[in-house]
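Visitor: Based on what follows, work out the 3D shape:
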Amino acid sequence: MKHFLDIDQPSATDLAGIIRHARSMKSARLGRARGVRDSAQPLSGRLVALVFEKPSTRTRVSFDTGVRQLGGEVMTLSGAETQLGRGESSADTARVLSRYVDMIVIRTHRERNLLELAEHATVPVINGLTDNTHPCQVMGDVMTFEEHRGPIANRRVAWFGDGNNVCSSFLHAAGQFGFSITLACPEPYRPGEEYVAYARSMGAAVTLATDPQVAAEGADLVVTDAWLSMHDTEDLRNEKRECLGAFQVNDQIMAAATENAIFMHCLPAYRGEEVTSAVLDGPKSVVFDEAENRLHIQKAIMRYCLEV
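Guide: The predicted structure is shown next:
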């Protein structure tokens, strides 16, 4: 049985294989009517539980659609609809769900919930996001870059703003896929040192930058994410804006990157905060290709876990 918990855990060969498989399935669907199931139905007769303790648009819809396209069925549960929201342990939830379903995708706050679920489940578990990492998103991002610009190995990624869970997974990916990464983050918002240390231990060059303009120089890929969370107090929102304001991705940042650089954002985006509309809607932005590829990469991840 295979889980997909973080990008640092499978082999680099397996990760590359997932991306190849995702691209193959995407190509196979070109020209088909929207909503038509894949000709191969590897999840026929399978039921996948989507456990979402946090709100979601892209992760929820892409997994739900992917399961259906592969011939399976989906059960979606919110935190309020399960005993997890009333204090039941992740271990007990894992033991019960494993008797009912063939795979569990969980989107949760605490990494501990994910790890405990995976430890006690007897079916594959996929990390749909935790406060620490967001591996499915970054796998889709690598796929998107390679579609537009070829292999990401030996390229340079520049991350701007809050060194959050997506940033942490980019550091895992730097180690596994062999690209360098520059982190243009103010000190209070840098990613955890363990993620930086992992990337460096795998041979990736990681640069911590304080000057956003310098950080963008030579970048093949410029990435940012939302600064603000729906749970932030107004005081915290104001603090983040003040601290992160200099790290906004705008036309000046994109002009400092390479001529063929592209821009990514996992969405939702707050225009005028972490990125300007001119960049988000501009010719170097691939954010909607990136969003689409969540569907294809997650189908490949599910097939990897179930070995189908």
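Visitor: which non-adjacent residue is nearest residue 169?
Guide: In space, and not counting its chain neighbours, residue 169 is closest to residue 138: 4.0 Å by Cβ to Cβ, 6 or more residues apart in numbering. All C-beta atoms are positioned from the backbone trio N, CA, C, and that covers glycine.
Visitor: So which bits of stretch 41-57 are buried?
Guide: By neighbour count on 16 or more other Cβ atoms under 10 Å, the buried set for stretch 41-57 is 42-43, 46, 48-54, 56.
Visitor: Let me know the average pLDDT across stretch 115-127.
Guide: Mean per-residue pLDDT for stretch 115-127: 98.
Visitor: List the buried residues for whichever strand or helix holds residue 278?
Guide: In this assignment (DSSP states H and E), residue 278 forms part of helix 277-280. Judged by neighbour count using 16+ other Cβ under 10 Å, the buried positions of helix 277-280 are 279-280.
Visitor: need the contact list for residue 117.
Guide: Taking Cβ atoms under 8 Å, 6 or more residues apart in numbering, we find residue 117 in contact with 90-91, 93-94, 104, 106, 125.
Visitor: Sort out which residues of stretch 113-123 are buried, please.
Guide: Result for stretch 113-123 [16+ other Cβ under 10 Å]: buried residues 113-118, 120-121, 123.
Visitor: again with stretch 60-78
Guide: 60, 62-72, 74, 77-78.
Visitor: from these, which ones fall inside strands?
Guide: Applying DSSP state E to the buried residues of stretch 60-78, the entries found in strands are 74, 77-78.
Visitor: Let me see the ranges of the helices in the stretch 101-250 of the chain.
Guide: With DSSP state H, counting those that start in this stretch as the criterion, the stretch 101-250 of the chain has helices at 111-120, 135-149, 165-177, 193-201, 212-216, 234-244.
Visitor: Just the residues contacting the fifth one, thanks.
Guide: Meaning helix 212-216. Helix 212-216 is contacted from outside by 158, 160, 182-184, 207, 209, 222, 246-247, 252-254, 256-257, using Cβ under 8 Å, 6+ apart.
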